[in-house]
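>>> Below are the sequence and a predicted model; questions follow.
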Amino acid sequence: MKEENQIRIYKSLVRSSLEYASPVMIMSTNNIERLSGIQYQALKIIYKERLECSSQYLHDISQIEKLEERLFQLTSNYR
């Protein structure tokens with residue numbers, strides 16, 4: 001499957017679940033780090049990158065913002 005299709009699936013299924021999770025669960029820094037790790041692993045699998053690949057690189061090539069930035073953006077939109 002093409003990378004762009006995998007990213008679409010990730011955004012529609014995985015990221016949407018992360019974004020609409022309970023706000024109580026997301027507020028914890030530890031939970032945000034865990035969820036960011038899940039996002040990092042998903043992007044690594046999609047782009048078939050090596051273990052030491054930086055998360056910034058993956059976010060740049062996928063054009064997906066980091067989870068913490070995305071959650072902050074969503075929070076500010078609903079205030």
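Cool, the structure landed.
>>> per-residue confidence averaged over stretch 8-23?
Stretch 8-23 carries an average pLDDT of 81.
>>> Check which residues of it are buried.
Across stretch 8-23, burial judged by 16 or more other CB atoms under 10 Å covers Tyr10, Arg15, Leu18. Placement of C-beta: from N, CA and C, glycine included.
>>> try stretch 54-61
Within stretch 54-61, the residues that count as buried by 16+ other CB under 10 Å are Leu58, His59.
>>> Dump that stretch to CSV, restricted to CA.
Only the C-alpha atoms of stretch 54-61 are listed here, as CSV (Å, rounded to 0.1, in the frame of the first residue of the first chain):
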residue,chain,number,x,y,z
SER,A,54,14.2,11.0,14.7
SER,A,55,10.6,11.8,15.3
GLN,A,56,11.1,15.3,13.9
TYR,A,57,12.1,13.7,10.5
LEU,A,58,9.1,11.5,10.5
HIS,A,59,6.8,14.4,11.3
ASP,A,60,8.4,16.4,8.5
ILE,A,61,8.0,13.8,5.8
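>>> So which residues make contact with that stretch?
Contact partners of stretch 54-61, identified using CB atoms under 8 Å, 6 or more residues apart in numbering, comprise Ser36, Tyr40, Leu43, Lys44, Tyr47, Glu49, Glu65, Lys66.
>>> Closest to Met1 out of these?
Closest approach to Met1 among the contacts of stretch 54-61 (CB to CB): Tyr47, at 12.4 Å.
>>> Which helix or strand lies directly C-terminal to the lowest-mean-pLDDT helix or strand in the chain?
Within the chain, no helix or strand scores below helix 23-27, which has a mean of 60 by mean pLDDT, DSSP states H and E. Per DSSP states H and E, helix 23-27 leads on to helix 29-47 as the next helix or strand towards the C-terminus.
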